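Trainee: everything below, folded, please.
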Amino acid sequence: MKPGIGGLNLRNGVAVLLIAASSALIGCASDPPPPPDLVPEAAAAAITQLWSLEHMNHFKVTFHSDDLIECGVKNDLWKLVEVTDHSGNAWSTTYRLTEKGNKVVTAISLKESGRGHEILLKGPYRIEVNGITDGGQPGTKQVSFRWDIDWDKASDDLKACIPRFELSGSEVALFQLDNNNWRFASYLSPEEIVAPPAPDGQPAATPSLSSPLAH
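Mentor: As a prediction, this is how the structure comes out:
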């Protein structure tokens, strides 16, 4: 055996092992990390953050009340105004929010009959997430939740005329994976909701929406 051959082979072997190890590390580094789980607490926090900025927080409720109009006028939440045409001629009247009322709710559609009043709320809300399922596309999740007015934080003006038991509803939010983080994207209409897989032998159930949204 020639001198130095054994040492040369050893050095070559070590070099091969280092190259293989480096290649393995590079391959591992190129693999994206798995997406984090979307848990109820994180989903609720993301939705609540939007609400705090008055984004996507305009929920509509419809209810009956014989004294709602009078109560709102008395508390300076809305008033009866004339609706005029382009010439300034009055042809109808309607109830519109006052400056004070605009701080309490977003919009109103009040009926003299007392039936079918519509009020577009703006919170403050409480939220309870009751289900997270895969969406219809890869990298999406559906978050079903129930909301209701946070009565402890609501203004006295809101409490004065609008019944507490009417101020709640259910929605389904779409979350999308963005840079390996779950991001709130939109609310889903009933026809957009993908029913979660059902247990064998049972029909799939679609989450119900008890209150429409004005987007």
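Trainee: just the strands in the chain please.
Mentor: Applying DSSP state E to the chain gives strands spanning 60-63, 78-84, 90-97, 107-109, 117-120, 125-134, 140-149, 168-178, 181-187.
Trainee: measure V81 to V73 for me?
Mentor: Going from V81 to V73 by Cβ to Cβ, to the nearest Å gives 11 Å. Heads up, the C-betas are built off the backbone N, CA and C, glycines and all.
Trainee: who has more neighbours, these two?
Mentor: Shown here are V81 and V73; by other Cβ atoms under 10 Å, V73 has more neighbours (16 against 13).
Trainee: from what I can see the more buried one touches D67, true?
Mentor: No - the pair V73 / D67 is not scored as a contact, 10.5 Å apart, by Cβ atoms under 8 Å.
Trainee: ok, and the closest non-adjacent residue to I149?
Mentor: Sequence neighbours aside, L167 is the residue nearest to I149 in space, at 3.9 Å (criterion: Cβ to Cβ, 6 or more residues apart in numbering).
Trainee: can you report how many residues neighbour the one you found?
Mentor: 23.
Trainee: run through this structure and note the low-pLDDT ranges.
Mentor: Applying pLDDT under 70 to the chain flags the ranges 1-32, 88, 90, 198-215.
Trainee: ok, 90 please
Mentor: Counting by pLDDT under 90, the ranges of the chain that qualify are 1-36, 82-93, 163-166, 195-215.
Trainee: give me the beta-bridge partners of V81?
Mentor: Beta-bridge partners recorded for V81 (DSSP bridges): T94.
Trainee: so it sits against R96, correct?
Mentor: Yes - counting by Cβ under 8 Å, V81 does reach R96; the two are 5.1 Å apart.
Trainee: could you pull out the buried residues of stretch 164-179?
Mentor: Of the residues in stretch 164-179, E166, L167, S168, G169, S170, E171, V172, A173, L174, F175, L177 count as buried by neighbour count, 16 or more other Cβ atoms under 10 Å.
Trainee: got the contact list for the residue nearest to L50 when sequence neighbours are not counted?
Mentor: The shortest distance from L50 to any non-neighbouring residue, by Cβ to Cβ, 6+ apart, is to M56 (5.0 Å). Residues near M56 by Cβ atoms under 8 Å, 6 or more residues apart in numbering: I47, L50, F184, S186, Y187, H215.
Trainee: which one of those residues sits closest to G131?
Mentor: I47 (13.8 Å; Cβ to Cβ).
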